[in-house]
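**Student:** Quick one: sequence and predicted model below, then my questions.
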Amino acid sequence: MANKNLEKFKQLVSADDQAWLEKVNWRKKNRAWLKKSAAIALKVLRTLRERGLSQKELAEQLDISAQQISKILKGGENLTLETISKLEAVLGIELINVPVYVSTETKEQEISVPAHWFAQPTEHIRKEKVYSYDYDSMLQESTVYPNGDDITAA
């Protein structure tokens, strides 16, 4: 009898150890996007709290289930660009910013503009200059936008 119980115990323990180890390996492998997902979840939660919105109301505005919102706000969902864009549009916040694009051929510098600036009349913002292959000094230059905000590209 004691032998059977010991065998059952060993089977249970070994299966749990393996599942735990698989979870640890999965989290290590996916650490980069899990951190970003958690940061997005925190920003959305703060915005909901500031505006007094519930998860259910957000789900209705996004036309997705409340369960899906719950998963997103736990910070462990691999969000698509479509979902992130919908969240940004509904909440009026910026969740992802693709900063600077530099063309290697012409060395044109395009600057990304925060979403809240779009409420103002938009102007095409581009600065062109000839650079002597010194990419770091190019990024250090300061740019003044039409509304007077001083932004340093980085």
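**Tutor:** In hand now; what should we look at?
**Student:** hey, let's count contacts and neighbours off CA atoms from now on
**Tutor:** Fine.
**Student:** Pull out the buried positions in the helix or strand harbouring Lys36.
**Tutor:** Assessed by DSSP states H and E, Lys36 sits inside helix 31-51. By neighbour count, with 16 or more other C-alpha atoms under 10 Å as the criterion, the buried positions of helix 31-51 are Trp33, Leu34, Lys36, Ser37, Ala38, Ile40, Ala41, Leu42, Lys43, Val44, Leu45, Leu48.
**Student:** any idea which of those is closest to Ile72?
**Tutor:** Ala41 (6.4 Å; C-alpha to C-alpha).
**Student:** can you give me the angle the helix ranked longest in the chain makes with helix 31-51?
**Tutor:** If you go by DSSP state H, the chain has its longest helix at helix 2-29. Calculated by axes from the mean of the first three to the mean of the last three C-alpha atoms, to 10 degrees, helix 2-29 forms an angle of 80 degrees with helix 31-51.
**Student:** So which elements touch helix 2-29?
**Tutor:** Using 3 or more C-alpha pairs under 8 Å, 6 or more residues apart in numbering; DSSP states H and E, no helix or strand is in contact with helix 2-29.
**Student:** State the distance from Asn30 to Ala38.
**Tutor:** Taking C-alpha to C-alpha, to the nearest Å as the criterion, Asn30 is separated from Ala38 by 12 Å.
**Student:** Ala38: what's its closest spatial neighbour, skipping adjacent residues?
**Tutor:** Nearest residue to Ala38, sequence neighbours excluded (C-alpha to C-alpha, 6 or more residues apart in numbering): Gly75, at 3.9 Å.
**Student:** neighbours around the one you found, how many?
**Tutor:** Per other C-alpha atoms under 10 Å, the neighbour tally for Gly75 reads 19.
**Student:** my guess is it meets Lys43, correct?
**Tutor:** No: Gly75 lies out of contact with Lys43 (C-alpha atoms under 8 Å); the separation is 10.5 Å.
**Student:** okay, now Ala66: neighbour count?
**Tutor:** 17.
**Student:** ok, now Glu77?
**Tutor:** Glu77: 18 neighbours (other C-alpha under 10 Å).
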